[in-house]
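Visitor: What follows is a predicted structure for the sequence shown.
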Amino acid sequence: MDTPTPAPHHATVSQHAPPPQRILLGILFVCMAGGCFAFMLAAAKSLGAHYSSFQVSWARAFGHIVFLLAAFLPRHGLAVLRTRRPVLQLTRSALLFSSNLLSFMALNFIPLAKQSSISSTAPLIVTALAGPMLGERTTLPRVLALLCGFAGVLLVIRPGTGVFHWASLAVVLSATAYALYQILTRKVAGQESPETSALYSSVVGAFGMLLVMPFVWITPATLVDLGLFCALGVLGALGHYCIAIAFGFGPANILSPFQYFQLLASVGVGFVLFGEAPDLFTWLGAAVIVGSGLFIGWTQTRKGAG
């Protein structure tokens, strides 16, 4: 699952507010990232109707590696490939690949809007796990917000009803894997360069899956399919790059809420390309999830300001 990682809490407060023009540029890049991720998911959904989810996930990871190598090697050389935490980096990579694979598998069975709504719980799961894994303290209001957010998930997937589909649980697992990936990213952030971590994030999917590809590979039948396969990695890498640029223009407490633009973009793309219109419960559940995430982000900002 490709959802932008918010900036650390210490980056949310600045001594001097940046000019409004820079804030607007930051918001623009965050929204561009959301559009990239929405179209990437649409490409994966389209390809998933004819190709294995393993092949689609491999193309996402391999394209990401190729794109970033082309961007980083001329500037940083082979030094960008050196890591002091190989086990941690490979674990991060395995979690990200698992998240993308589960997400792409689910897209074969559920609408894009529902997938994106459930995926929006990743920041909530990060908050829930940050205590035991990172030693971060939580508060009662945040716990209540977490419970509300997970109640929103139940509104979206509605277990026990006729509209429930097992693929919704795959997206929950995808969001959990991505949350663990984000937590490990925090752990490695002070020890590795962002470029090195970005490259290693897709190593397992790009090279580990080469062992599986001979058994699932189907040669793209058309130039359109070939273009979609190539677009997967480029759109994913561009999305993350736009986020990195955005947080250079403004503080995270202002820009982070606009990351939920990906949900709106997914609804629009799903409706235009696949004729998928979210039902009332999906809208309500998404609103609860987003509201809970925004509240937790606000409390973290207040903590940083205090």
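Guide: Okay, I see it.
Visitor: The nearest residue to residue 51 once chain neighbours are set aside: what's it in contact with?
Guide: Nearest residue to residue 51 in three dimensions, chain neighbours excluded: residue 218, at 5.4 Å (CB to CB, 6 or more residues apart in numbering). C-beta here means a position set from N, CA and C on the backbone, and glycine is covered the same way. With contact taken as CB atoms under 8 Å, 6 or more residues apart in numbering, residue 218 is in contact with 50, 51, 52, 55.
Visitor: give me that answer again for 10 Å
Guide: 50, 51, 52, 55, 225 (CB atoms under 10 Å, 6 or more residues apart in numbering).
Visitor: Please spell out the PyMOL selection for the buried subset of those residues.
Guide: Buried residues among the contacts of residue 218 (16 or more other CB atoms under 10 Å), as a PyMOL selection:
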select buried, resi 51+52+55+225
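Visitor: I'd like the contacts of residue 218 as CSV, with distance to residue 75 appended.
Guide: Shown next, in CSV, are the contacts of residue 218 (distance: CB to CB, whole Å):
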residue, distance to residue 75
50, 38
51, 34
52, 35
55, 31
225, 33
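Visitor: possible to save the contacts of residue 218 as CSV with secondary structure?
Guide: Shown next, in CSV, are the contacts of residue 218 (DSSP: H, G, I helix; E, B strand; the rest coil):
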residue, secondary structure
50, coil
51, coil
52, coil
55, helix
225, helix
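Visitor: Out of the contacts of residue 218, flag the one nearest to residue 97.
Guide: Nearest to residue 97 among the contacts of residue 218: residue 55, at 13.0 Å, using CB to CB.
Visitor: Pretty sure that closest one sits against residue 209.
Guide: Yes: with contacts counted by CB atoms under 10 Å, residue 55 reaches residue 209, the gap being 8.6 Å.
Visitor: where do the contact lists of these two overlap?
Guide: residue 216.
Visitor: How is the residue nearest to residue 51 assigned, secondary-structure-wise?
Guide: coil.
Visitor: And it, how far from residue 46?
Guide: Separation of residue 218 from residue 46 (CB to CB, to the nearest Å): 14 Å.
Visitor: how about the helices of the stretch 1-150 of the chain, start to end?
Guide: 20-48, 53-76, 86-107, 112-119, 122-134, 140-157 (DSSP state H, counting those that start in this stretch).
Visitor: Quick check: which of those helices is buried the most?
Guide: With neighbours defined as mean count of other CB atoms under 10 Å, the helices of the stretch 1-150 of the chain peak in mean count at helix 112-119, which reaches a mean of 28.
Visitor: which residues touch residue 99?
Guide: 1-3, 57, 119, 122, 171, 173-181.
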